[in-house]
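J.: missing the sequence, but the structure's below:
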């Protein structure tokens, strides 16, 4: 003999995810009344829309004519070796991408100088 519980943990209705409410309603599972939906920050972020980037009119005609670069970070959590940033170089012509891992943001300039020397040779 198997017993099936229709008890729903309180954190499910409290999370107010629409899919949870739909499932509970479909299964006729009693739940606490909720007057307003309160979406979690992950759901709000996932449902948001970004404006599109404006397409550039310029296009490089040969490798290394135009390089896009960006430093990303600081990550809230460091990796095991302590990396919290990364530096990107993207060749506009080929879209080839170089990524360098950085522990601190001040490591970006020496890496840029090495990258520049590599491109110029």
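T.: Here it is on my side, so go on. As the structure is a computational prediction, the values presented were derived from the model and not from experiment.
J.: how far away is residue 74 from residue 102?
T.: In this view, residue 74 and residue 102 are 9 Å apart by CB to CB, to the nearest Å. Where C-beta positions appear, they are placed from N, C-alpha and C, glycine not excepted.
J.: who touches both of the two?
T.: Residues touching both residue 74 and residue 102 by CB atoms under 8 Å, 6 or more residues apart in numbering: 84-85.
J.: Quick check on those two: which one has the bigger neighbour count.
T.: More neighbours surround residue 102 than the other of residue 74 and residue 102, with 19 against 12 (other CB atoms under 10 Å).
J.: Isn't the more buried one up against residue 85?
T.: Yes. The criterion here is CB atoms under 8 Å, and residue 102 meets it with residue 85 at 4.0 Å.
J.: Contacts only, for residue 73.
T.: So residue 73 contacts 84-86, 102, 105 (CB under 8 Å, 6+ apart).
J.: Please check these and keep the buried ones.
T.: With burial judged by 16 or more other CB atoms under 10 Å, the buried subset of these is 84-85, 102.
J.: thinking again about what came up before, what about the contacts of residue 73, which are in strands?
T.: 85-86, 102 (DSSP state E).
J.: can you list the weak-confidence ranges in this protein?
T.: 1-21, 23-24, 28-39 (pLDDT under 70).
J.: contacting residues around the longest helix anywhere in it?
T.: Counting residues, the longest helix found in the chain (DSSP state H) is helix 108-120. Applying CB under 8 Å, 6+ apart, the external contacts of helix 108-120 come out as 64, 67, 69, 71, 85, 87, 89, 98, 100, 102.
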